[in-house]
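Q: return a 3D structure for these sequence lines:
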Amino acid sequence: MNKVEVLFDYIGELPESPVWCSKTASLYWTDILQKELHCLQIESKTHRVLAMPEEVGCFALREQGGFILAMRSGIYLANADGLIEKKVCDNPNNPALARFNDGGVDPEGRFYAGTYWSPRDYNGAFLCQVDADLKTQVMQCDILGANGLAFSPDGQWMYTTDTPNHRLYRTPRTPQSGQLGLRETLKIFPTGQGRPDGAAMDSEGCYWTALFDGHRIARLSPTGDVLEEYPLPVRCPTMPCFGGEDMKTLFITTTRENMSEEERAERPLSGALFYLRTDVAGLVKPTFKEN
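A: Below you'll find the predicted structure:
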């Protein structure tokens, strides 16, 4: 079995949303609690940190350069230095109660971002879409914590998770138009064995999920069967992302949020970034396309 290794000397609070940039052979990620965007050039190990005005739940690289950012108050466009250029929309939730969380880009270049409903008293979170004209619409609701966005290689399925509710969903979609059908539950993860957090898709159509509170990464078949599992030396992985020259390196973010000093001492790598060499290549994450 391939072994999980520490990527470099770094510990964050809530690293999330890793994004690979093949042009620069660099890995980007956000530390939500620290309000920071990070970039690591893999070969040189040059580590750049951009301070942000709010928590960045997720982001994507823009085709023309820079970022599209889902922050607590709304979605914004920023340049390559992280400086805000334009507000796209407000957070459709009450920002005091729900920040943006997981997101990504569909095969045609639309940006998706979901929220996390902090009161946890009902499924109050949303999944939003931003198109090339910067028009925003809510695509799905009845979610407690939006996570795990990924698309099948043929573009006919969108996968999402609701981490607090232990659910993995899939939704049929029409390639090119991006029209979504009815969401269906693909898998409910048993209580006490990890909850599905962020995800990545490989070229064989298998779904790699970070099992938060589950100490491991799992590879699932397109129908939700567990094919492989990889243990981690930390309790809470947050999201995997394929990258590297051959797209066979799986980068993994983890967190130390809400951990006691005793647990941080017991699991000192909580909050670190890891990597795992895989036998199958991952899909390249598309960039956000604007008109």
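Q: now do the helices in the chain.
A: 261-266 (DSSP state H).
Q: distance from the centroid: which residue in it tops it?
A: E262 (27.9 Å; Cα atoms, centre = their mean).
Q: any figure for the gap between I217 and G181?
A: Using Cβ to Cβ, to the nearest Å, we find I217 at a distance of 29 Å from G181. No exception for glycine: its C-beta is placed from N, CA and C like everyone else's.
Q: tell me which of these two has more neighbours.
A: I217 (25 against 13; other Cβ atoms under 10 Å).
Q: V4 versus the closest residue to that one other than its chain neighbours, what's the distance?
A: Closest residue to I217 apart from its sequence neighbours, by Cβ to Cβ, 6 or more residues apart in numbering: Y230 at 4.6 Å. For Y230, the distance to V4 (Cβ to Cβ) stands at 6 Å.
Q: hey, what's in contact with both of these two?
A: Shared contacts of Y230 and V4 (Cβ atoms under 8 Å, 6 or more residues apart in numbering): I217, L276.
Q: so what's the residue nearest to Y159 when sequence neighbours are not counted scoring on pLDDT?
A: Spatial nearest neighbour of Y159, excluding adjacent residues (Cβ to Cβ, 6+ apart): A150 at 4.6 Å. What the model reports for A150 is a pLDDT of 98.
Q: what residues of stretch 123-141 count as buried?
A: Under the neighbour-count criterion of 16 or more other Cβ atoms under 10 Å, stretch 123-141 has G124, A125, F126, L127, C128, Q129, V130, D131, L134, T136, M139, Q140 buried.
Q: make CSV out of these and add pLDDT and distance to A210.
A: Shown next, in CSV, are these (pLDDT from 0 to 100; distance: Cβ to Cβ, whole Å):
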residue, pLDDT, distance to A210
G124, 96, 23
A125, 97, 18
F126, 97, 22
L127, 98, 18
C128, 98, 22
Q129, 98, 23
V130, 98, 24
D131, 98, 28
L134, 98, 30
T136, 97, 27
M139, 98, 23
Q140, 98, 21
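Q: list the buried ones in stretch 239-250?
A: By neighbour count with 16+ other Cβ under 10 Å, stretch 239-250 contains the buried residues M239, P240, C241, F242, G243, G244, M247, K248, T249, L250.
Q: go on, stretch 81-91?
A: Across stretch 81-91, burial judged by 16+ other Cβ under 10 Å covers G82, V88, C89, N91.
Q: again, but for stretch 260-273
A: Buried, per 16+ other Cβ under 10 Å, within stretch 260-273: R267, S270, G271, A272, L273.
Q: and that stretch, how far apart are its ends?
A: End-to-end distance for stretch 260-273: 20 Å, by Cα to Cα, to the nearest Å.
Q: ok, stretch 159-170 next?
A: 4 Å.
Q: stretch 191-210 too?
A: End to end - Cα to Cα - stretch 191-210 spans 15 Å.
Q: in the stretch 1-150 of the chain, where is pLDDT below threshold?
A: 1 (pLDDT under 70).
Q: ok, 90 please
A: Scanning the stretch 1-150 of the chain for pLDDT under 90 picks out the ranges 1-3.
Q: for it, which segments count as strands?
A: Applying DSSP state E, counting those that start in this stretch to the stretch 1-150 of the chain gives strands spanning 5-6, 15-21, 26-31, 36-41, 46-51, 56-61, 67-71, 74-78, 84-90, 98-105, 111-117, 125-130, 136-143, 146-151.
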